[in-house]
Structure formats: structure tokens, C-alpha cells
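J.: following is a predicted model, sequence given first.
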Protein chains: 2
Amino acid sequence: MRKIIDIQKKLLPDLLKVMETRYDILHRIYLEGTIGRRTLAASLEMTERVLRSELELLKSQGLLDTASTGMTLTAGGRQLVEEMEPIVKELFGLSDLEDEVREAFGLKRVVVVPGDSDESALVKAELGRAGSRVLRESLSPGDVVAVMGGSTMAHMAKQFSAPSQMKDNWFVPARGGLGESVDYQANTIASELAKRAGARYRMLHVPDHLSEEAYQTIMQEPNVREVVDMIRGARIVVHGIGDAVTMARRRKLKDETRDELVKDGALAEAFGYYFDRHGKVVHRMATAGLRLEDIEAAEVVIGIAGGKSKGEAIASVMRFGHDDVLVTDEAAAREALEHI
Amino acid sequence: MRKIIDIQKKLLPDLLKVMETRYDILHRIYLEGTIGRRTLAASLEMTERVLRSELELLKSQGLLDTASTGMTLTAGGRQLVEEMEPIVKELFGLSDLEDEVREAFGLKRVVVVPGDSDESALVKAELGRAGSRVLRESLSPGDVVAVMGGSTMAHMAKQFSAPSQMKDNWFVPARGGLGESVDYQANTIASELAKRAGARYRMLHVPDHLSEEAYQTIMQEPNVREVVDMIRGARIVVHGIGDAVTMARRRKLKDETRDELVKDGALAEAFGYYFDRHGKVVHRMATAGLRLEDIEAAEVVIGIAGGKSKGEAIASVMRFGHDDVLVTDEAAAREALEHI
DNA sequence: TGTGGCGGGACGTTTTGTGTCCAACCAAAC
DNA sequence: GTTTGGTTGGACACAAAACGTCCCGCCACA
């Protein structure tokens, strides 16, 4: 049964919404026994007219009857509601999960895709697409978008598609190079996104592990400066979330730094910062780009990460409290709720 | 799985149609490998624009890719098509059955509702609703509709609803009283339909079992004559189908007549005529109203009957060959196909 | 005999869908 | 090279559907 719903979600993305509203309508009438259109509209928070269209359809399906005293379910309608009960539970489990996560971490929006990215590449792709959809929906003309690197972000970029050319948008890497493979670098991802959106992009080439002096010098460079300013003014920030130890290894941090991280309780990494289980920043990478205050200032911060193994890291970054939107998968969402 | 599909058929009839077209599109691309929009539109008999909207959606769902050489399914799209195969069969099994019956009996249109009227009153109601929908869709302003009696017809009338008032339509009984209970008489049904349609109706009160002289006399009555003329000029005829022996008993035919019917191989009854298994008329009831030639002349003849037990009778009447539309249920449809 | 809530009709406005063309592009055939 | 026949994707005007809103007649109940 799960399978057919998954298929339908792909083929009819708004099917579930429609199904939910129609079920809600029937269910409410089922509970009330007899109820009028206006009362019903008020209690379901729908406008009278759209409710009416639905009611007409349900009526033509023989699920409800109208009389001058109000509306009642037919025998078939009642039977349908009873049969749907278990299905609805299963069906909207994910939306419930989304709500739960949203409230647990005080987020504006949470999107959960079914499955576990750790176990299936298809789920990972799905996560990317969900992320790209969220980004697309968040974009307004003229926005500057700062993106981080990582494999999830790369997936997202690959799936991105824009409804129309976005000639006055900018995509920029949120930070300079962080010593990852080219495919997963923020620069690459920003340019891929920009190409797919028909938007413009800037790159930031600042090597890792700079001495303080070298850093100051390079920041004096006008064209570096310019990009950095743009990054710091980004309205939208999109980032992945990683496990601290894994990220430290991937970025080839020195052993002593790694030990220090562990000692400080670093669990998660996001936009170059390392967080402990309480969402406190315990370490930062020294590269040019987005600072914490810029993230706080950004209007939309979108975190994308999935897989059961990342659940704890996600919880930790969410506790940091500056994300607005989280895109994750079912396994990670449940795991994150465990670590609250 | 069957259950959820049945539920959706009730709750989201419109979305399932959409699902079918989208599946058709994907399936076609799946088979062709690479194909262009226009070619595809032609082969699916869709206009280019609506196909295009669908394609855009499917693309945004990550199910297909476009290139300058045409469109191809993504891995996910191919997987989806493969996974859908059994579901589609289940989902649209009835449409296949409809096509099969339509072609077997050379009909214009066949509607099959799921289930068996013999076993469930809900299926019977559903059959009635399907019939009423067909009738509604067949109606044009000014049409005269001749209806027969019977319990199925009564169900149909009870479910009938018109989108708007049909002030210039007429509903008439196809024949005079046929000795059934009032609820199931053609007169009652015609008036019920007319009320629900906001249309006008005429009644025909001619008792059964009249002598030839009495029949001739009553037919001279101007207002009887008038109704009979209207009946004979009906553009639409709607009738039930019965089992010959049952009908003979219900109409209290004399025993010798009944034996004669059996001897002649009468299997089915419809609009007062009895048919053998080849669809040949072997007997007729002597009452005023629709004659065979009127049925041949009528533009739309709609037969409504369901239940496994009626399958053979349905096949026999359909062989008679003057029906245009058949509304039946799954059990009867399958049974009818057995008796071909 | 009022009165409040009911379904359903009506209508103008907005939004969406649709038919139709066309530009730009590409690959294969010529 | 160049033509040809295919492709996608942009554009736009028009039709159709959806929607918000208001109102009417009806009925049950007070």
C-alpha cells in the first residue's frame, strides 16, 4: 500500500492534499451527523465556495446527501470514512512527522521525504529534489543565494530546475574552498545552480589553512572583497549538515585539531562551524565567507541533510537555532527527534 | 491495495483520470526510448499544449529528461513505469473490461461499476448512479426520454440529479403498466426522473391483459394516443434487463404462457419483449407503448442491469443488437462475456 | 408567526488552462 | 556546406474554470 502512495505522489504531487481535504470534510460531517455548509466552512477554515465545489463532487459520488436541514453522509459515505481511518493514519504519517520536527526545533518549514538516504541512492536524489524545490519556492527576483558544498548540496544542484530564467539572481559560494573534491565544492555548486536557473554567479577562490596575515592580505583584494560582501548580504543561505568527525577527516584537519574537536564535544558541522549537542559553536574553520552574524541576518536559511546517521548532527545544528527550513528524510527526522 | 484504489476511485475520480493519462505518457516514452513532443501528442491523441503541461510536470517530478533530440525517461521514471504495471492493471481493469464488452456486442459505450449487485445493495446503488450519469450525459434540450420499469430503473431514478433545470425535456413511460408494484412501474419512474430533472412528464395508464378490442378502443382516446405518439418518437430509451422466467412470474403470466416461453428458449426480458439466447424475440407483451421499430428508430438506447445472475440475460438482449449503451456491474459483465 | 440556518442560484472577477505560432537549435541527410 | 525535418521552449491571446460574494426561497424550530 505504501508503494502505491509513493507512486501516486510522484505522478500526482497534489493528490495527497486533495485527498486530505476531502477526507477532512467527510470526516467532519461523519462526526457531526448533520451540518450546514457555512458552519462546516468555518470549522474547516475553508472559504464557502471551495468547500462547495468539493461538496458537489462528493455528492455526485454518492457519498453525501443534502437536505434543507443540512448535509449527511450516505451509507456509502460512512463506510468510506470508516475504511479510510487506518489508511489516513499511514498516509499522513509524514506530514505529522514534519509538524513534529517543525515544532520541536521551532522551524518555519520542514520537508520530510520518505526513506533513508544512508540506504538508498534514490532517497538521496529525492532529498536533493525536495531541497531544490524548496529553494525554488523561496527565490524572489534579485535574491542573492549563498550555498555551501557537500554531496547533498551537489545532489540538490543537479536536480534544480527553474520555471523561468532568473537573470537578476546571483548564486555565490557561502565560503571559500574547504578542501573537498571539486564536485562537492561550494564554488562548483553555485555555478551549477546559476546555470540551471539562468542566473549569474561569482566564485570565491580562497585556499584553506591560511595564516592570519595571508588572510588579511587576500581580503584586501578588491574582487575577493566584492564577492565576500555579496556573500555576507545574501538573503538566502542553503547548507548541508555533516557529522563533525567525518567532516574533519574529509577536510584533512590536523590530528590535534580533531582531538580538540572531540574533546569539546563537537558533533555536527554546518557552514564551516562545528556544533556540540546543545547547538553551541565549539570551533570554526578559518576561511573567508559567511560569518555567524550573516547567517543570523539572512532571511531564509535552508538546511538539507538526510540519512539516519546524520540525525544527531541535524538535531544539534537545529538547536543552534538559526535555520528556517529543514529538508530531510524520514530516518533522519525520526533520529533527530530522539536527540532532543 | 485493492481497497485503497477503490477508496480513491470514490474520493478522487478526477485525479485517477489524470493519473491514467500521465501513466500513458510515461509508458509511451518508456516504449519509444526517445520521442519528441509533437510525435508523442499525435500518437496519444492529445493536443500539443496539454501534453506539454503534463510533460513539464513530469519533468519537474524528475521522471523525464529533455534534450534537443527528444525526451527520455530518467532512471526514476523507468522504475516508476515498471512498478506501476500491476497497479495500472488493477486501477484500470474495469476500463479494459468495458472495452471488451463494448466490442463483443458492438455497443457505442459501456460503463462497468465494480462489484456484484446480487451481493451488495451498495453496488446496486452504484449501478443506479452510473446509469443516471449516463442518462444525464446523453440528454440534450428538448429530448423525449422513454423509460421502462423495474427495480434497477427505480434505483437509477432515485440517484438522478440534473446540473440545471431541464424545462423543455419530457419523461414518459415506455409502455403501459406491466403489473408490477407501484414503485417499480414505468409511470412512477418517469415522474420521479422528471421531478429530479425539473422536466415535464406524461403518464400512460393502460391496464395489462387487454382484449384486442379493448386495446383498440383505448388507443382511440386522444390523450392516450397523444402520449403513445410521444413515446414512439422518443430520442432516448432507458430500460432494465430481466431474466425471462423471473419476469414472467412477477408479471403473473398464465402458466401455459410461461411454459411456452421456456419451450421457445426465452432467456431474457427487456421493454416487454422476451429474447432467446441468440437475441431473437420469442414473445411480446401486449401493452401499449414502444414497439420494436421505435427502439430501432431511437437514437440512444440505454440498458441498465447488473448482478452475476443477469449476465446471461444481458448477453442475450445485447445480441438483439439495438442497444447503444450498456451500464452494468463487474460480475454481470464478466458473466455476459462467458455467454457470447 | 417570526427567525436563523439551510441549500442552491447568480454574477463579476480573477486565475488557470489551452490552442496556436514562432524562434532558436540540433542532427542527420544531402 | 546547406538543407530539411525534427526538437524544445517562449510568447500571447482567448476561453474556460475557479472563486468570492451576495442573495433568495425554504424549512424547522422556537
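T.: Everything's here; your move. Numbers count the residues shown, from 1 in each chain, chains lettered A, B, ... in the order given.
J.: wait, does whichever strand or helix holds A:Q79 contact DNA strand C?
T.: Assigned by DSSP states H and E, A:Q79 falls within helix A:75-91. No: Helix A:75-91 is not in contact with DNA strand C by Cβ under 7 Å from any atom of the strand; minimum separation 13.8 Å. No exception for glycine: its C-beta is placed from N, CA and C like everyone else's.
J.: how about that helix, which residues are buried there?
T.: A:76-78, A:80-81, A:84, A:87-88, A:91 (16 or more other Cβ atoms under 10 Å in any protein chain shown).
J.: give me the phi and psi for the residue in chain A that DNA strand C sits nearest to.
T.: Closest approach between chain A and DNA strand C, counting by Cβ to the nearest atom of the strand: A:G36, at 2.1 Å. Main-chain torsions, A:G36, degrees, to the nearest 10: phi -90, psi 170.
J.: so it sits against A:M71, correct?
T.: Yes: the pair A:G36 and A:M71 passes the contact test of Cβ atoms under 8 Å, sitting 7.1 Å apart.
J.: compare neighbour counts for these two and give me the winner.
T.: A:M71 (21 against 14; other Cβ atoms under 10 Å in any protein chain shown).
J.: and the more buried one, that's in a strand?
T.: Yes: according to DSSP: H, G, I helix; E, B strand; the rest coil, A:M71 belongs to a strand.
J.: contact residues of the stretch 1-150 of chain A facing chain B?
T.: A:1, A:3-5, A:7-8, A:10-13, A:15, A:18-19, A:22-23, A:26, A:57, A:59-63, A:75-76, A:79-80, A:83-84, A:87, A:122, A:125, A:129 (Cβ under 8 Å from any Cβ of the partner chain).
J.: buried subset of these?
T.: Of the residues of the stretch 1-150 of chain A next to chain B, these count as buried by 16+ other Cβ under 10 Å: A:4-5, A:7-8, A:10-12, A:15, A:19, A:22-23, A:26, A:57, A:59-63, A:76, A:80, A:84, A:87, A:125, A:129.
J.: can you tell me which of the residues you listed are in strands?
T.: Among those, none falls in strands (DSSP state E).
J.: so where do the strands sit in the stretch 101-250 of chain A?
T.: In the stretch 101-250 of chain A, strands defined by DSSP state E, counting those that start in this stretch lie at A:109-113, A:144-147, A:170-173, A:200-201, A:236-240, A:242-243, listed in chain order.
J.: worst mean pLDDT among these?
T.: Looking at those, the lowest mean pLDDT belongs to strand A:200-201 (a mean of 88).
J.: other SSEs contacting that strand?
T.: strand A:170-173, helix A:186-197 (3 or more Cβ pairs under 8 Å, 6 or more residues apart in numbering or on different chains; DSSP states H and E).
J.: just for chain A, where's the confidence low?
T.: A:163-164, A:177-180, A:208-209, A:286 (pLDDT under 70).
J.: what does it have sitting close to DNA strand D?
T.: A:47-50, A:52-53, A:68-69, A:164-165.
J.: now, of these, which are buried?
T.: Applying 16+ other Cβ under 10 Å to those flags nothing as buried.
J.: need the residues you listed in CSV (columns: distance to B:L290).
T.: Formatted as CSV, the residues of chain A next to DNA strand D follow (distance: Cβ to Cβ, whole Å):
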residue, distance to B:L290
A:T47, 49
A:E48, 46
A:R49, 44
A:V50, 45
A:R52, 40
A:S53, 40
A:S68, 37
A:T69, 41
A:S164, 61
A:Q165, 66
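J.: mind checking which of the residues you listed are in strands?
T.: Counting by DSSP E, the residues of chain A next to DNA strand D contribute nothing to strands.
J.: how about CSV for the residues you listed, with distance to DNA strand C added?
T.: Below are those laid out as CSV (distance: Cβ to the nearest atom of the strand, whole Å):
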residue, distance to DNA strand C
A:T47, 11
A:E48, 8
A:R49, 7
A:V50, 12
A:R52, 7
A:S53, 10
A:S68, 6
A:T69, 6
A:S164, 14
A:Q165, 13
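J.: could you measure from the closest residue in space to A:S309 that isn't next to it in sequence over to chain B?
T.: Using Cβ to Cβ, 6 or more residues apart in numbering or on different chains and skipping the chain neighbours, the partner closest in space to A:S309 is A:D118 (5.4 Å). Per Cβ to the nearest Cβ, to the nearest Å, A:D118 is found 19 Å from chain B.
J.: next, give phi and psi for A:D118.
T.: According to degrees, to the nearest 10, A:D118 has phi -60, psi -30.
J.: show me the contacts for it.
T.: A:306-309, A:331 (Cβ atoms under 8 Å, 6 or more residues apart in numbering or on different chains).
J.: what does A:L204 give?
T.: Counting by Cβ under 8 Å, 6+ apart, the residues that A:L204 touches are A:172-173, A:175-177, A:186-187, A:224, A:227-228, A:231, A:288-289.
J.: change it to 7 Å
T.: Shown in contact with A:L204 (Cβ atoms under 7 Å, 6 or more residues apart in numbering or on different chains): A:172-173, A:176, A:187, A:224, A:227-228, A:288-289.
J.: with A:E48 instead?
T.: Contacts of A:E48 (Cβ under 7 Å, 6+ apart): A:37-38, A:41.
J.: and the helices in the stretch 151-300 of chain A, which stretches?
T.: A:151-159, A:186-197, A:212-220, A:222-232, A:244-250, A:255-263, A:292-297 (DSSP state H, counting those that start in this stretch).
J.: thinking again about what came up before, format the strands of the stretch 101-250 of chain A as a markdown table; extra columns: distance to B:A157 and mean neighbour count.
T.: Formatted as a markdown table, these follow (distance: least, Cβ to Cβ, whole Å; neighbours: other Cβ atoms under 10 Å in any protein chain shown):
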| stretch | distance to B:A157 | mean neighbour count |
| --- | --- | --- |
| strand A:109-113 | 49 | 22 |
| strand A:144-147 | 62 | 28 |
| strand A:170-173 | 65 | 28 |
| strand A:200-201 | 67 | 18 |
| strand A:236-240 | 61 | 27 |
| strand A:242-243 | 68 | 22 |
